[in-house]
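*Asks:* Any chance you can model this:
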Amino acid sequence: MTADRKLLTSDSSGCTGCGVALQTEDPQKLGYVPESALARTPIICQRCFRIKNYNESSSITLNQDDFLRLLGHVGSTNSLVVNIVDLFDFEGSMISSLARFVGTNPIVLVVNKIDLLPKVTNYNRILNWVQRQAKEAGLKVVEIVLCSAKKNMGFERVIEALDHHRKGRDIYVVGATNVGKSTLINRLIRDYSDLDSELTTSQYPGTTLDLVRIPLDDGSSIIDTPGIVYKHRLTELVSKSDLVKLMPDKVLKPLVFQLNEQQTIFFGGYARFDFVQGERQSFTFYVSNALNPHRTKLERADELYEEHKGVMLAPPTLAELELLPPWTKHAVRIPKGKSIDISISGLGWVKANSQSGADLVVHVPKGVKVSIRESLI
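*Replies:* Purely as a prediction, here's the structure:
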């Protein structure tokens, strides 16, 4: 793929970083750029400048209605839709009712962040697992590609898939926040064009605010869309300082606990895992290496939490904890002889391989998605 040099340059009304329309009037509104910066090439808004140069976040984001308005017209186009999901938060990053937005357009499902999986992972098994999960979610795809945009794993296969299925059409790239959309598109720009601009890439949600159109040499374009903000993901609720702790940047180190019934595992003040009833068995936790678990007896769990939340049971701090919704309970029953995952959106997952069955309770902030699935690993 090659791209035209006219990617939202200084004579355009759009920010080259996030795509929003530029304005010089109000620093508190989207697209603000100081008049002194208008001579720069390319022009980026003040928000993107701060994100790019100082890794500083902004409270200015789009609401859900804005997202739906921007995505609502995709179904009326003749396009290839690339849906990027996060393997670390597969259920949480899937776009519900995607078919309603894309109409009859074909979908390529790009599964990012496979670099987080242990090196001994069987990728064919992962691919088959994704196929089953996509089918169960009612998502009809023409191809699934596993990749890591960050580590350049599987990137050539992504390009081959786009070339094969595009057939001269525009490519709409869609996904939830923090799934790697902008990182992937920047790889396209750097590797397959001579453009000197890139999209704003940040660890913070809502970095892209409007459609960013990247023209290709055949007259079609790649269109980056804003990430959809799902409040059922823990990563959307936490403070900026804790976000980097929840989002792993290295290969996950599985934490294996041999638990007796009536034992509890805390992951800071973000989640609590109770093994209520069952024979002694192992549970494997796949979470960010920056989170330290704490084990205790179930009978002491409530007292321990009240005494040590925000200090020993951290992150978050006590002040940040007060900004989160109160915890709610999710009862989970594991049938005998089943190997399943309990997925906590934005935190990771727990693998339970029970020969005798188990009764569990998962505590998370209200609204955070907890789901049961076939084991990934």
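
*Asks:* Wait, G357 touches V332, no?
*Replies:* No - in this structure G357 lies outside contact range of V332 using CB atoms under 8 Å: 11.2 Å. For the C-beta atoms, the positions are set from N, CA and C on the backbone; glycine is no exception.

*Asks:* For L87, see how far away the most centrally placed residue in the chain is.
*Replies:* Centroid-nearest residue in the chain: V179, 3.5 Å away (criterion: CA atoms, centre = their mean). Distance of V179 to L87, given as CB to CB, to the nearest Å: 9 Å.

*Asks:* before we move on, back to that, can you tell me which residues contact the residue nearest to the centre of the chain?
*Replies:* Neighbouring residues of V179 by CB atoms under 8 Å, 6 or more residues apart in numbering: 84-86, 93, 112, 227.

*Asks:* Number of residues surrounding S288?
*Replies:* Applying other CB atoms under 10 Å, we find 19 other residues in the vicinity of S288.

*Asks:* ah, wrong one, I meant E374
*Replies:* Close neighbours of E374, defined as other CB under 10 Å, add up to 12.

*Asks:* for T177, same thing?
*Replies:* By other CB under 10 Å, neighbour count at T177 equals 21.

*Asks:* That one reaches V229, doesn't it?
*Replies:* Yes - in this structure T177 lies within contact range of V229 using CB under 8 Å: 5.5 Å.

*Asks:* Find the residues that touch each one of V179 and L87.
*Replies:* By CB under 8 Å, 6+ apart, V179 and L87 have these common neighbours: N112.

*Asks:* And the pLDDT for the closest residue to L30 other than its chain neighbours?
*Replies:* Spatial nearest neighbour of L30, excluding adjacent residues (CB to CB, 6 or more residues apart in numbering): V20 at 4.8 Å. According to the prediction, V20 has pLDDT 75.

*Asks:* Neighbours of V20, how many?
*Replies:* Neighbours of V20 under the rule other CB under 10 Å: 24.

*Asks:* do the same with the one 5 residues further on
*Replies:* Counted with other CB under 10 Å, the burial measure for E25 works out to 8 neighbours.

*Asks:* same question, E307
*Replies:* Using other CB under 10 Å, E307 has 11 neighbouring residues.

*Asks:* Same question for T284.
*Replies:* What T284 shows, counting by other CB under 10 Å, is a neighbour count of 16.

*Asks:* which ones are touching it?
*Replies:* Each residue near T284 by CB under 8 Å, 6+ apart is listed here: 254-257, 350-351, 353.

*Asks:* Show me the domain layout of this protein.
*Replies:* As assigned by automatic domain parsing, the chain contains the domains 60-230, 245-374.

*Asks:* Return the most buried member of these.
*Replies:* Counting by mean count of other CB atoms under 10 Å, domain 60-230 has the highest mean neighbour count of these, with a mean of 19.

*Asks:* could you give the mean pLDDT of that domain?
*Replies:* When pLDDT is averaged over domain 60-230, the result is 81.

*Asks:* for stretch 347-363, same thing?
*Replies:* 93.

*Asks:* Do me a favour and get the end-to-end distance for that stretch?
*Replies:* End-to-end span of stretch 347-363 (CA to CA, to the nearest Å): 12 Å.

*Asks:* So which residues of the stretch 101-250 of the chain form helices?
*Replies:* With DSSP state H, counting those that start in this stretch, the ranges of helices along the stretch 101-250 of the chain come out as 123-136, 155-166, 181-192, 240-246.

*Asks:* and of these, who's closest to I43?
*Replies:* Smallest distance to I43 across the helices of the stretch 101-250 of the chain (CB to CB): 16.8 Å, for helix 181-192.

*Asks:* quick one, what contacts the nearest residue to Y123 once chain neighbours are set aside?
*Replies:* Spatial nearest neighbour of Y123, chain neighbours left out: L146 (5.9 Å); criterion: CB to CB, 6+ apart. Residues counted as contacts of L146 (CB under 8 Å, 6+ apart) are 87, 111, 114, 123, 126-127, 130, 153-154, 157.

*Asks:* rerun that using 7 Å as the cut-off
*Replies:* Taking CB atoms under 7 Å, 6 or more residues apart in numbering as the criterion, L146 is in contact with 111, 114, 123, 126-127, 154.

*Asks:* three-state assignment of H330?
*Replies:* Of the three states, H330 takes strand under DSSP: H, G, I helix; E, B strand; the rest coil.
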